[in-house]
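Novice: Sequence first, predicted coordinates after that:
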Amino acid sequence: ISSGDIEMASKWGMQIGGQVDIKRSDGRVHPAVVSGFNEATRSVTVEWFENQETKGKELDLQHLAALNTVVYNALHNKEGGRKAGGHSMLSPPVDGGVPARRQTVQSRETPRDKENERVKAARPSAKIKEGKGKEDKAFNNIQEIAQKREQRRAQQEKQAAKREVAKANKGANPNFEFQEMVNDFRDGQVIHPGIPPGMTPSDRKITVCVRKRPLGRKEVEACDVDVTTIPDGENMLLHECKLKVDLTKYLEHHEFRFDHSFDDTVPNAEVYKYTAQPLVRTIFDKGMATCFAYGQTGSGKTFTMMGVFKEGARTPDSSSGIYAMAAADVFRYNELPVHKAKGLTVSVSFFEIYGGKVFDLMNNRKRLRVLEDGKQQVNVVGLSEKVVTCLPDVLRELQAGTEVRASGTTSANENSSRSHAVFQILLREGKKKRLHGKFSLIDLAGNERGADTASASRQVRMEGAEINKSLLALKECIRALSMKSKHTPYRASKLTQVLRDSFIGANARTCMIAMVSPGLSSCENSLNTLRYADRVKELKKGGKAPRASARPPVQPGEPDMVPTESPMANLDEVEDDDSSDANWLTEPSPLESSLARQDLKMLHESLKIKDQDQNPNLFSFDVAVAEVLEQGEKVEAEHAACLQFERDMLLEEDRLLEDINSVDYDVEDYARRLQEIVQAKIEKLNALQESVTDFRAHLRQEEEIAKKVSSSPGVRY
C-alpha cells in the first residue's frame, strides 16, 4: 500500500481491504471491499463476490458518503462541512481556493486550538500504525483476488481460442468435440508411454495382457478418435462417447487392470518378452503352454502372432511374429547343456479350425477328424508333424500354411482371418518319440462378426456362431483351469477339444493377449474384448467359483458324466500318438455327443449369471448350428461312402458282364447276382436320401431359430 493510499484512507475514512456499503443499479445495498483510491477523480474502487465470480466497480465519494456514516463524518470533518463559492460541503474547493468562512475561523484560532488541531492530525496516523497488520492481510487478499482474476482471464482466453479452432475444424472433423474431451481428460492424467521401468514378466499360471494398436490409415482419413488410454504398464482406460437426453455430449470412462498393458509404441519383440517367452521354459519342464491372441478383426492379432504384412502382400513376414520368436527360443533352450543331454527333438504342426472343422495347413488343407481314443485322450487324426532343426525350417512351414489359411474381406480388414490358426511346437524324447512338452500358439478369428450372426446369410451365421461358441468355451476352460474346477467344458467346441491337454494338469500355463482397436468406431467391440479379458482376470484373483462353474444336472434320459479330468503330474501319463487303431472311435458316439451338449449348456448357464437379459433363443440357436454341422459331417461321410460303393459295384457289374460271354454261362446266377447288386445300390441310396432329408430339416430348423434370435431382445455374447 502506497503512502498516497494511506493518506487517502485517513482523509476519506476508509482503508484498503475495509468494507463499505454500496448501492447497485437495481436498488440492492450490500457490502464491498475497498481495493483502491483515485484522488484526481475523488472516487473509490470496490470489489465483491457474486455467483462464484469477483466483480468490481468505481464509485464517487458522494455515493459512499450517502450510505456510510464513517465516510460522511470523515469528509465533513476534513472539509468543515461548509459551503463556499457555491460549492457543497462534500465538493472539493475550486482552483485551490479556501472558502471565506474557513479563513475567518483560522484567523480566530488560539494557541490552545492549534495544539488541539495538532493532536487530531496525529490521531489518524496512529490508527493506521495500529492497523498495519490488518492492512497487510488486506493487501494479501487483494493480491490473491488479482491472481485468481488473471488466471480466470487466461483460462477464458484459452477456451475462446479452442472455440475458434473448433469452429474451423467442425466441418472437417465431426468427432472434434469428442477428441477435445478425450484430450482434456488425458491432460489431467499422468501417462508413462511404453514399458514402465521395473516391469517384469508374470510368472502366474494364467497371464492376461492387453495390447493397443495405433490408428490405421483409413481411421485417420475418417477423422476417427483414439478413445483408449494406457497410463502405465497395467491399467487401461476406454472412453465411451455418449449423448444425454438433451443431446449433451459426455464421456463414460471404463477402467480395466491386467497383468500387462502395452500401448501402440511397444514393438512385437517387447510384447513377446512379457507374454510368450516365459512359457518356453514350461515345455522343457514337461508342461503344456498356450498363448493366444483375442480381439476383433483388424485389431492386430495376426500382426502380433505371425508378423508384419508387407506392402501389397496377402501373407505376413513370419520372422517378426511371436510364432517365430518362440521357435527361436525353443532352439536356443534346446542347445543349453541341461537340455541337450536329454536328446529332445523339435517338431511342429500347423492346422486351422474353420466352421467347426479341422484342416491341416501343412498338407494342402486336408480335412482332419478330432476323436477320443479308448483312454479318453483327444487326438487330431492324421495331423502332419514335421521335425525341424532350425528357424528357417519353421518359417518355411509357417509361410506355406499361412498362404492356404481361410481368410476373407471385412469392413475392418482386407485380409481378415476367419479361422483359428493353431501352431504347435512339440518336444519329443527317446526312440519312441514320447511327448515331452507342447507349446500351442493360437491366432484366433475375429470376434465382432458374432454380434449379428443370426441376421446374416447362413454361411456367415454358421461361421460367426462357431467363432463365438469356441471363444466362449475357451474362456470357460481358462476359468476352470484358474479355479481348479473338477470339470473343464472342453467338449463345447473343436478349439477347446484339441487344446484339452493344455487345460488340465499341474504344469499347464496360459497367456492371453487381448488386442484392442483404439478408434471410436470400434469402441463397442473393444469394450467387449476388454470385458472378455477382464472376466478371465477376475477369476485369477481368487474367490469362490460362480454357480456356472458347476456341472449342470443330468437331464432325464441322458447318460451320466464320464470323469476325464484326472490331474496329471507330468506328461509321462500321456499316451503316444501311435496308438492302435482298435482304440480309436470311428465316429462320435452318442455318449460323446451328449457330453458335448452338456458342456454347451454349461456355457450358456454362465452367460445367464452374468447377463440377465440374455437372448432366450441363443442356446437353441447354438444347438441347431451344432446339429447342422454334425448332420452335415454325417451326410458328407455317407455320400463319400456311397461313391466308393458305386465304384465297387461298377467293378462287380463289369465282372458280371464278362461272365455272360463265358462258355459255362449260368443265366440264373447272373439274374441273382444282378438283383443283389441293384438291391444293395437301392438300399445305399435310400439311406443317403434319408440322411439328406434329415439334414435339410435341420437346415430349416436353424433358419427358423435364427429369425427368432434376430427378432428377440437381449444380448448375444
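Specialist: Everything's here; your move.

Novice: Listing request: residues of the stretch 451-600 of the chain with sub-threshold pLDDT.
Specialist: Under the criterion pLDDT under 70, the flagged ranges of the stretch 451-600 of the chain are 451-456, 505, 537-594, 596-597.

Novice: Do a quick rundown of the strands in it.
Specialist: In chain order, the stretch 451-600 of the chain shows strands spanning 508-516, with DSSP state E, counting those that start in this stretch as the criterion.

Novice: Endpoint to endpoint, stretch 190-198 covers what distance?
Specialist: Stretch 190-198 has an end-to-end distance of 17 Å (criterion: Cα to Cα, to the nearest Å).

Novice: which residues in the stretch 51-200 of the chain form strands?
Specialist: Defined through DSSP E, counting those that start in this stretch, the strands belonging to the stretch 51-200 of the chain, from first to last, are 53-60.

Novice: any low-confidence regions in it?
Specialist: For the stretch 51-200 of the chain, the stretches with pLDDT under 70 are 78-139, 163, 165-172.

Novice: Repeat that for the stretch 201-350 of the chain.
Specialist: Within the stretch 201-350 of the chain, the ranges that satisfy pLDDT under 70 run 309-318.

Novice: quick one: the helices in the stretch 351-500 of the chain?
Specialist: Taking DSSP state H, counting those that start in this stretch as the test, the helices found in the stretch 351-500 of the chain are 391-403, 458-483, 494-498.

Novice: Return the residues in contact with the nearest residue to K433 once chain neighbours are set aside.
Specialist: By the measure of Cβ to Cβ, 6 or more residues apart in numbering, the closest residue to K433 outside its immediate chain neighbours is T345, 6.7 Å from it. The C-beta positions use only the backbone N, C-alpha and C, and glycine is treated the same way. Shown in contact with T345 (Cβ atoms under 8 Å, 6 or more residues apart in numbering): V387, L427, R428, E429, K433.

Novice: Tell me the bridge partners for T345.
Specialist: For T345, the beta-bridge assignment (DSSP bridges) gives partners R428.

Novice: Can you tell me how far it is from F439?
Specialist: Distance, T345 to F439, using Cβ to Cβ, to the nearest Å: 14 Å.

Novice: ok, P518 - contacts?
Specialist: If you count contacts by Cβ under 8 Å, 6+ apart, then P518 has K212, R213, P214, L215, D226, V227, T228, D264, S526 around it.

Novice: do that again at 6 Å, thanks
Specialist: The contact partners of P518, taken as Cβ atoms under 6 Å, 6 or more residues apart in numbering, are K212, L215, D226, T228.

Novice: again with V34
Specialist: Contacts here follow Cβ under 6 Å, 6+ apart; on that basis V34 touches M14, I16, G18, V46.

Novice: Could you look up the SS state of T304?
Specialist: helix (DSSP: H, G, I helix; E, B strand; the rest coil).

Novice: from memory it sits against A293, does it?
Specialist: Yes. Taking contacts as Cβ atoms under 6 Å, T304 lies within contact range of A293: 5.2 Å.

Novice: buried sites along stretch 522-530?
Specialist: S522, C523, N525, S526, L527, N528, T529, L530 (16 or more other Cβ atoms under 10 Å).

Novice: Not counting sequence-adjacent ones, nearest residue to the third one?
Specialist: Think N525. Spatial nearest neighbour of N525, excluding adjacent residues (Cβ to Cβ, 6+ apart): Q296 at 4.2 Å.

Novice: Check the fourth one too.
Specialist: When the adjacent residues along the chain are set aside, S526 lies closest to V516, with 4.8 Å between them (Cβ to Cβ, 6+ apart).

Novice: Write down the beta-bridge partners of the one you found, one by one.
Specialist: With DSSP bridges applied, V516 shows beta-bridge pairing to K212.

Novice: and it, how far is that from P214?
Specialist: Using Cβ to Cβ, we find V516 at a distance of 11 Å from P214.

Novice: Over to L371?
Specialist: With distances taken as Cβ to Cβ, L371 is found 44 Å from P214.

Novice: Which residue of those two possesses the greater neighbour count?
Specialist: More neighbours surround L371 than the other of L371 and P214, with 19 against 12 (other Cβ atoms under 10 Å).

Novice: Let's see the pLDDT reported for the more buried one.
Specialist: On the pLDDT scale, L371 is placed at 82.

Novice: do the one 3 residues further on as well
Specialist: Looking at G374, its pLDDT reads 69.

Novice: Just give the closest residue to the one residue sitting closest to the centre of the chain, not the sequence neighbours.
Specialist: In the chain, the residue lying closest to the centroid (Cα atoms, centre = their mean) is L530, at 3.4 Å. For L530, the nearest residue in space outside its immediate sequence neighbours is F256; the separation is 5.0 Å by Cβ to Cβ, 6+ apart.

Novice: Which strands and helices lie in contact with the helix or strand harbouring the one you found?
Specialist: When elements are assigned from DSSP states H and E, F256 belongs to strand 249-257. Counting contacts by 3 or more Cβ pairs under 6 Å, 6 or more residues apart in numbering; DSSP states H and E, strand 249-257 packs against strand 235-243.

Novice: Just checking: what are the partner strands of the strand it packs on?
Specialist: Strand 235-243 pairs in its sheet with strand 228-229 (antiparallel), strand 249-257 (antiparallel), by DSSP bridges.

Novice: Mind checking those strands for the one nearest to Q156?
Specialist: Proximity of the strands paired with strand 235-243 to Q156 was assessed by Cβ to Cβ; the nearest stretch is strand 249-257, lying at 21.2 Å.

Novice: quick one: contacts of the helix or strand just after that closest one?
Specialist: Reading on from strand 249-257 to the C-terminus, the next helix or strand found by DSSP H and E is strand 260-262. Outside of strand 260-262, the residues within contact range by Cβ under 6 Å, 6+ apart are C209, V210, R211, I230, G233, E234, M236, V271, Y274.

Novice: List just the nearest of these to E219.
Specialist: Of all the contacts of strand 260-262, the one with the least separation from E219 (Cβ to Cβ) is R211, at 16.7 Å.

Novice: Put the buried members of the contacts of V34 into a PyMOL selection.
Specialist: Paste this into PyMOL to select the buried members of the contacts of V34, with burial taken from 16+ other Cβ under 10 Å:
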select buried, resi 14+16+18+46
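
Novice: Just the ones of the contacts of V34 in strands?
Specialist: V46 (DSSP state E).

Novice: so which of the helices of the stretch 351-500 of the chain comes closest to D203?
Specialist: Between D203 and the helices of the stretch 351-500 of the chain, the shortest gap by Cβ to Cβ is with helix 458-483, which sits at 14.8 Å.
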